[in-house]
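A.B. asks: Sequence and predicted structure below; questions after.
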Amino acid sequence: MADEMASEVEGLKDEMVALRRDLHRHPELAFQERRTAGTVASRLEELGISVRTGVAETGVVGLLQGGAPGPTVMIRADIDALPVQEVPGRPYSSVEEGKMHACGHDGHTAILVAVAKLLAGRKGSLKGRVKLVFQPAEETMSGAQPMVEEGVMENPKVDRVLVCHLWSPLEVGTVGVRSGPIFVSTDEIRVLVKGKGGHGGLPHLSVDPVVIAAHTIVALQSIVSREVDASQRVVLSFGRISGGTQFNIIPDEVRLEGNLRTLDEEVRSFVMKRVAEVAGSVAAAMRGRAELVHVRGIPPVVNDREVTEVVAAVAGRVVGKENVIQVEPVAVGDDAALFLERAPGCYFLVGAGNKERGITAPHHNPEFDIDEAALPIAARILAEAALHYLS
């Protein structure tokens, strides 16, 4: 079967590359992925797969029913792009101003369409079902939750979950796996610092929220450095400070926007609690007020040991055991965590970088790209891992 699958996947490589490049030229942001969804739905329908569109607004779910009873394996691909202006000059560069597939989701979509074709060709021999989930809005951490709420994990109930991510820090031809947590939890937080506005030349008549915000950021860093065990992976970063209208006016309020990332749920809860306490105390000491708003958050991506072992074994057959790497947890998040909370699964990384070809730019960078040789590798691993449970 392995030789047959390898031959089929190789035969689909050009098709995968063409679809990936088409999607790359036409990136769509979170909950705007209508062209992408239409392309995916038509490809699945051509394969005779039952298709549900409009899931979580712009998501697509295909259900491939096998010829005999058995488990349900879900395979997920994210389909959204980022608000990034791509460097010009590539033959497949984005034609959408300020939008770019800077994280490989175009590749993920093309891979899962190919996997659908590989598995549809074996429909009669499958013992069970495959759910092909094309998820919107992963980059904003807001696509998986509505999919869960709209029943994507039920009817039929999902028994195993498979997710891959093209990963530029790994060289093409390698695969990264890890049992347990592989990605961190990600919480978007806002701290609203309130003072009393006034004239910039008469600060003693005001309560300056700009100064309070500055002290708050410094104080909050001490939570990570002085209140959390140094062996824990915790990142607390603020990426945006906004407030005020003019250089000589002290504003009434300042907003801090940041994110918290960790692998441990207890640490996550503790730091969130302390952010509220420290921000409130600093503001109160300086005659102001501070309110913490927890905008949204996702738990860590945690892999099941048994499913990870299956994926690692399949990957070893595809790229060689010596090229299957046990990776350390990465301080990024993915709301696929919500699927993996509800069914055992494996989220793995497929090397897509190539130093010799200059494909080294990090994810979310205007120069990001992938070595397209990674596409058939990922497709074969996903298809063979699914068949492990459906044969």
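C.D. replies: Sure, I can see it. On a predicted model such as this, the values are computed, not experimentally measured, just so you know. Numbers count the residues shown, from 1 in each chain.
A.B. asks: When you work out contacts or count neighbours from here on, use the C-alpha atoms and nothing else.
C.D. replies: OK.
A.B. asks: got the contact list for the residue nearest to A30 when sequence neighbours are not counted?
C.D. replies: Nearest residue to A30 in three dimensions, chain neighbours excluded: A137, at 4.1 Å (Cα to Cα, 6 or more residues apart in numbering). When contacts are counted by Cα atoms under 8 Å, 6 or more residues apart in numbering, A137 touches 29-31, 78-80, 143-144.
A.B. asks: Mind checking which of those are in strands?
C.D. replies: D78 (DSSP state E).
A.B. asks: Take the contacts of A137 and keep only those in helices.
C.D. replies: Using DSSP state H, A144 are the members of the contacts of A137 that sit in helices.
A.B. asks: Include distance to V278, neighbour count and pLDDT when you put the contacts of A137 into TSV, please.
C.D. replies: Listed next are those as TSV, based on distance: Cα to Cα, whole Å; neighbours: other Cα atoms under 10 Å; pLDDT from 0 to 100:
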residue	distance to V278	neighbour count	pLDDT
L29	35	20	98
A30	34	21	98
F31	36	19	98
D78	37	28	98
I79	38	33	98
D80	36	32	98
G143	32	24	97
A144	32	24	98
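A.B. asks: Include distance to S50 when you put the contacts of A137 into TSV, please.
C.D. replies: Below are the contacts of A137 laid out as TSV (distance: Cα to Cα, whole Å):
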residue	distance to S50
L29	26
A30	24
F31	22
D78	19
I79	19
D80	22
G143	21
A144	20
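A.B. asks: Secondary structure class of I325, three-state.
C.D. replies: Taking DSSP: H, G, I helix; E, B strand; the rest coil as the rule, one finds I325 in the strand state.
A.B. asks: For it, list the residues it contacts.
C.D. replies: Taking Cα under 8 Å, 6+ apart, one finds 174-177 in contact with I325.
A.B. asks: same thing but 6 Å
C.D. replies: G176 (Cα atoms under 6 Å, 6 or more residues apart in numbering).
A.B. asks: quick one on the thing from earlier: can I assume the residue nearest to A30 sits in a strand?
C.D. replies: No. Using three-state DSSP, the assignment for A137 is coil, not a strand.
A.B. asks: on that earlier part again, the contacts of A137: which two are farthest apart?
C.D. replies: L29 and A144 (15.0 Å; Cα to Cα).
A.B. asks: What residue spans form the domains of this protein?
C.D. replies: Per the record, the chain has its domains at 2-182+300-390, 185-298, by automatic domain parsing.
A.B. asks: and G143, what are its phi and psi?
C.D. replies: Backbone torsions of G143, given as degrees, to the nearest 10, read phi -100, psi -30.
A.B. asks: Counting neighbours, which bits of stretch 52-60 end up buried?
C.D. replies: 53, 55-60 (16 or more other Cα atoms under 10 Å).
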